[in-house]
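Engineer: Please work out how this folds:
(2 chains)
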Amino acid sequence: MLSFLPPALLPYAPILFLATATLLLLVARVVVKNGSASLPMTALPTSLIIAVTIALVYAQPFVNVPMLTADAFGQTFTLLMLSAALCAVFLSVAYEQAEPTRQFEFYILLLLASVGMMLMLSATDLLSLYIGIELQSLSLYVLAALRRDTLKSTEAGLKYFVLGALSSGLLLYGISLVYGALGTTDYSTMVIASQQLTAPSPMLVVGIVFILCGIAFKLSAAPFHMWTPDVYQGAPTSVTAFFAVAPKVAAVGALLRLLYVGFAENADMWQQIMIVLAALSMLVGAFGALRQQNIKRLLAYSSIGHIGFMLMAISVNKDAGIAAVLFYLLVYAVMNVGAFGCVLSMRKNGQYVDSIRDLAGVSKTNPLFAYSLAIFMLSMAGIPIFAGFLSKLYVFQVVLDAKLYTLAVIGVLSSVVAAAYYLRVCKVMFFDANESALDASPCPVTKTIVVVAAVANTVFIVYPAQQVFAFCERWVSTLQ
Amino acid sequence: MSNSVYIAAIFLPLLASLIVGLFGRTIGVRVSNVVSVGAIFAAAACSVLIFIEIALGHQVKVLPLMTWIASGDFVVEWALRFDTLSAVMLVVVTGVSAMVHLYSVGYMSHDASRQRFMSYLGLFTFTMLMLVTANNLVQLFFGWEGVGLASYLLIGFWHDRDSANAASIKAFVVNRVGDLGLALGVFAAFFVFGTVSFEGMFAQAPEKVGTVLIFWGYSVPALELVCLLLFVGAVGKSAQVGLHTWLPDAMEGPTPVSALIHAATMVTAGVFLMCRMSPVLEFAPIAGIVITFIGAATAVFAATVGLTQFDIKRVIAYSTCSQLGYMMFAIGISAYPAAIFHLFTHAFFKALLFLGAGSVIHGMHDEQDMRKMGGLRKALPITHLLMFIGSLALAGIPPFAGYYSKDMILELARAKGTYFAHFAMVAGLIVVFLTAFYSWRVLCLTFYGKTRADKHTFEHAHESPFVMLLPMLILTVGAIGAGYLGKEYFIGHERLTFWNNSLFVLPANDVVDAAHHLPEIEKKVPLVLALAGIIFSYLFYLVFPKVPAFFTKVFRFTYTFFYRKWFFDELYTLVFVRGAKALGRGFWKIFDGKIIDRFLPNGAATVSWFTAGGLSRLQSGFVAQYATVMVLGLLAFLSYFLFKTVLPL
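Structural biologist: The predicted structure is shown next:
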């Protein structure tokens, strides 16, 4: 299907398509100035572009070229990331339409960020990884500040940018140190160079620490998480919904390849970093959200906690651990798409609201909404029978098998604490006195996504949990 | 006959209970009543069919349902066991239950939560049936606890009354003591026999005679220990002296409940259990002596208290207690068939008396105190007649049911000839007199003489509706005919083929034939005593109404002693209840509240809350601070790894 391309360009085909189509859409949107009324006319081509990219990724032959690879591992991640982006587009339509400014740039930036993330996921070189991260980050900074006329959004964008610049600096500095120590930035040659080292190299150690700290920022792992609550809350909700899933998928995918392929020889070291990051993230995710009154802020801490769980599984440094991460990530994606679908349906008298207090008693007035959100909250808290329970269970299993008992205890305790705030949301919805009803969700697309996600979370344990387990195990074996 | 009949007899009440309990409000009162009563009548019909096939057809049938527990050597099956013993119990339970269901339709017609009541009755019936058809001790324990639960729920049915709540809790707690004994008994049985299934235990019983068991540091004969522990359970459930205190208080429940649970069925579970265990009990002579003694003591004790009570239901409750004493000492002297026979006849006439009392209470608008009754014969003629027949049966006047069963027990005690049997017989004879006396006391105070009720109540006293009278009539038929019709099968010449080894009596212990050949004059003694009791009662309460007052004055101490129920409640309050309450309060208020709650859940919550507050303060919103935290994190990692890798060099 792509035979007309020169072989050297083949692995780039989906990325090239996405980038070109994005630029064309930008030009078209600038030239055709028929105002804001046709915002859906941007959403539609955007989703089409993503859909075609998905098809291209699916059809892509597996080859390695300098700095990039097209392999099954990256392909699956890319598909997951693009699907998450597509869901974000669907969820955003109603929200963006209701905003007075109606900025079509949202979609352009979302597509550009996706290009960056595709690069991250297929990078086999520290430099291409850096380029991918930068392309993604720059788009995200602007997305966060998209409502340039509101204080919160601009503040969020600025904070994100300043801190992001710092983390990019760390990343780049780390890359240069690793290059200095090993003389290469290519993953596979890095491994060989590490093997040939006769003595432990402090330069390499410092380089790895810097790189991992930089990536930890992108993952919003504690103590590099500080931007997350502010940006989640300040950014427009549609942007937050995008932030919560796709960039996390990309960062986890890139991190897995970097650690298990590039730094395979330094596992002892990064394992310790991952353990500390995991423990801190789980604790921050649990305690940070306890007093939050804003659902977006709460979900920000929740995502920090979930990243902690994934890092905990990564730190096991075994195939089973990666499988657990992948499983967790899949469940996380579905839970968060659903939860943000709910947040994007929170409107009162036509105004979008994001305070937990606004949910008081909605189980009476908006039962479908209340039950769906309750399912996501219970699932995130890891309560059986929901999907989140299985993913946590799987992680704990591999962590206990690896005898990381302290970490497992921290994980259990923090999920107990976290359950308190998840359950508080349920309590507010089901037991508090009703103040005023939420508007009936006007967008059937959002509603469909929420209901599908809720049902998927509920029946997951019966079907297809088993198949997904098997799938994740196959998926791990494609990482090389 | 197909197995479905057997299954239906047991599970129909459960089904009805679930339907009425879960959907009672939706389907309404009328449909609920139809479902409950219909199901129980169907179950009763099935039980009769089962009785014909099993008891009269001399069969044994075990229906395995599923495996419940399989853990190493310990295997417990759900299985329904049908032999003559359980067939008899089936008929009694479903029969009386059906009558009580029907009666309740009328009796509870003014109650707001009739569906709940019907649902509990169904639940009770189901668990009682599970108890009597159990094929092993663990399944029996399930039914045992199930009837305990149903009894608790029904005693406290009117949960807006403090006295009902207190009574239900009392019943539950006192039964806990007995149930602990039963549980230990089951453990001991498994320890001794390596199985809890009845067949397995019974087959091994003869060879385990010499076995000893270490219990609390003493070596005790294993079979004696098993039987005595099980008997502790029976003492609790069958309200034998010592653990009887809950039964009179249980009268706080609606009267149909008293008739079904606290007279005819549940309280006889202890008797049933000991009879079921007869193949083991026969090899435990000391346990037999203990049972004889406790049973006889209960019979006397309860009868003396019954003499003095004024609450019509309490008198009948103590009467029940006393009759259960008869059954128990019959078991103690190996007269299991006689015990079950008395259980069988007693179920009819005691349920009848309770339903009659309920009819009086209903007609008198919830008045239970006999001091405020009298002269009700005119207002409640049918109730009077039926209660009169019931009392004849209870007193043991031929040809009514109680005569055959009670006389048989006394004759067997006479024929047995041992020291304890004689003691029991003397006690039994005293009780015959007392029983007749208090029965007629009830009749005289309630139905005869001048009324002591206030004018309004008396004029509005009315006979009960047909739906309440009909079950009483049917029970009356049983109270009249059950003894005469059953005697050949239960205790007569047919007994061996009838029981078909479901009750086991060592040939040496079997004195039925000797009892049949006692001198006629000795056989007449109980009847004479009963008639004397009736005559004395008439004289005391109708002819010379001043005499009782005179007696209470002269024998003030004895009277108070009886009236206050031998001070059991006061004693228990002093010895157990106060200490337990103080201990409980201490654990609750101080240990749990001030220590556990304060430091663990509340303490952890407070710490979490302040940790969260600290994190929020850290989250100040200042970019510089965020960057500082990031850099500090980076530096921490760097320092750690540099120290680790560089310093050793």
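Engineer: The helix or strand of chain A with the lowest mean pLDDT pairs with which strands?
Structural biologist: Ranking every helix and strand in chain A by mean pLDDT, DSSP states H and E puts strand A:63-65 at the bottom, with a mean of 80. In its sheet, strand A:63-65 lies beside strand A:68-70 (antiparallel), with partners assigned from DSSP bridges.
Engineer: Okay, buried residues for the least confident helix or strand of chain A please.
Structural biologist: Burial within strand A:63-65, assessed by neighbour count using 16 or more other C-beta atoms under 10 Å in any protein chain shown, is assigned to no residue. Using the backbone N, CA and C atoms, a C-beta is placed for each residue, glycine as well.
Engineer: can you list contacts of it?
Structural biologist: The set of residues that contact strand A:63-65 without belonging to it, under C-beta atoms under 8 Å, 6 or more residues apart in numbering or on different chains, is A:Pro7, A:Ala8, A:Leu10, A:Pro11, A:Tyr12, A:Thr69, A:Ala70, A:Asp71, A:Thr124.
Engineer: Based on its surroundings, how many neighbours for residue 222?
Structural biologist: I went with chain A, as the question did not name one. 28 (other C-beta atoms under 10 Å in any protein chain shown).
Engineer: nope, chain B please
Structural biologist: Using other C-beta under 10 Å, B:Ala222 has 24 neighbouring residues.
Engineer: what sits against it?
Structural biologist: Residues touching B:Ala222, when contacts are defined by C-beta under 8 Å, 6+ apart, comprise B:Ala188, B:Val192, B:Lys208, B:Thr211, B:Val212, B:Leu213.
Engineer: so how many other residues sit close to the first one?
Structural biologist: Other residues within reach of B:Ala188, judged by other C-beta under 10 Å, total 21.
Engineer: Excluding chain neighbours, give the residue nearest to B:Met266 in space.
Structural biologist: Nearest residue to B:Met266, sequence neighbours excluded (C-beta to C-beta, 6 or more residues apart in numbering or on different chains): B:Val147, at 4.7 Å.
Engineer: Can you list the low-confidence ranges for chain A?
Structural biologist: Scanning chain A with the threshold set as pLDDT under 70 gives A:1-4, A:8, A:33-38, A:101, A:441-442.
Engineer: in it, which residue is closest to the centre?
Structural biologist: In chain A, the centroid-proximal residue (C-alpha atoms, centre = their mean) is A:Lys248; its distance is 2.1 Å.
Engineer: Following element in sequence after the helix or strand where it lies, please.
Structural biologist: For A:Lys248, the element it lies in under DSSP states H and E is helix A:237-257. Of the helices and strands lying after helix A:237-257 in sequence (DSSP H and E), the nearest is helix A:267-288.
Engineer: residues of that following helix that come out buried?
Structural biologist: A:269-271, A:273-288.
Engineer: Go back to those and keep what's next to chain B.
Structural biologist: A:Met269, A:Ile273, A:Val276, A:Val284, A:Phe287, A:Gly288 (C-beta under 8 Å from any C-beta of the partner chain).
Engineer: can I get those in CSV with distance to B:Met66?
Structural biologist: Formatted as CSV, the entries for those read as follows, by distance: C-beta to C-beta, whole Å:
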residue, distance to B:Met66
A:Met269, 57
A:Ile273, 54
A:Val276, 52
A:Val284, 50
A:Phe287, 48
A:Gly288, 50
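Engineer: Specify which member of those is nearest to B:His362.
Structural biologist: A:Phe287 (63.6 Å; C-beta to C-beta).
Engineer: Wait, a strand at B:Phe283?
Structural biologist: No: when DSSP: H, G, I helix; E, B strand; the rest coil is applied, B:Phe283 is found to be coil, with no strand at that position.
Engineer: what are the phi and psi values for it?
Structural biologist: Backbone geometry at B:Phe283, expressed as degrees, to the nearest 10, gives phi -100, psi 10.
Engineer: where are the low-confidence patches of chain B?
Structural biologist: Under the criterion of pLDDT under 70, the regions of chain B flagged as low confidence span B:646-649.
Engineer: Strands of that one, start to end?
Structural biologist: Here chain B has its strands, by DSSP state E, at B:61-71, B:74-82, B:212-215, B:218-221.
Engineer: got a list of contacts for the third one?
Structural biologist: Residues outside strand B:212-215 that contact it (C-beta under 8 Å, 6+ apart): B:Ala188, B:Phe191, B:Val192, B:Ser219, B:Val220, B:Pro221, B:Ala222, B:Leu225.
Engineer: all helices of the stretch 51-200 of chain B, in order?
Structural biologist: With DSSP state H, counting those that start in this stretch, the ranges of helices along the stretch 51-200 of chain B come out as B:84-107, B:114-132, B:137-155, B:162-193, B:198-204.
Engineer: Now flag whichever of the ones next to chain B among the buried residues of helix A:267-288 is closest to B:Thr304.
Structural biologist: Nearest to B:Thr304 among these: A:Phe287, at 69.0 Å, using C-beta to C-beta.
Engineer: B:Tyr103 versus the closest one, what's the distance?
Structural biologist: Using C-beta to C-beta, to the nearest Å, one obtains 62 Å as the distance from A:Phe287 to B:Tyr103.
Engineer: The contacts of B:Ala222, buried ones only, as a PyMOL selection?
Structural biologist: To isolate in PyMOL the members of the contacts of B:Ala222 that are buried, counting by 16+ other C-beta under 10 Å, one can use:
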select buried, chain B and resi 188+192+208+213
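Engineer: Among the contacts of B:Ala222, find me the one that's closest to chain A.
Structural biologist: When those are compared for distance to chain A (C-beta to the nearest C-beta), B:Ala188 wins out at 38.6 Å.
Engineer: Give me the nearest residue to the closest one, chain neighbours excluded.
Structural biologist: With C-beta to C-beta, 6+ apart as the criterion, B:Ala188 has its nearest non-adjacent residue at 4.8 Å, and that residue is B:Val226.
Engineer: show me what contacts the one you found?
Structural biologist: Taking C-beta under 8 Å, 6+ apart as the criterion, B:Val226 is in contact with B:Gly185, B:Ala188, B:Ala189, B:Val192, B:Val280, B:Ala284.
Engineer: All good on my end, thank you.
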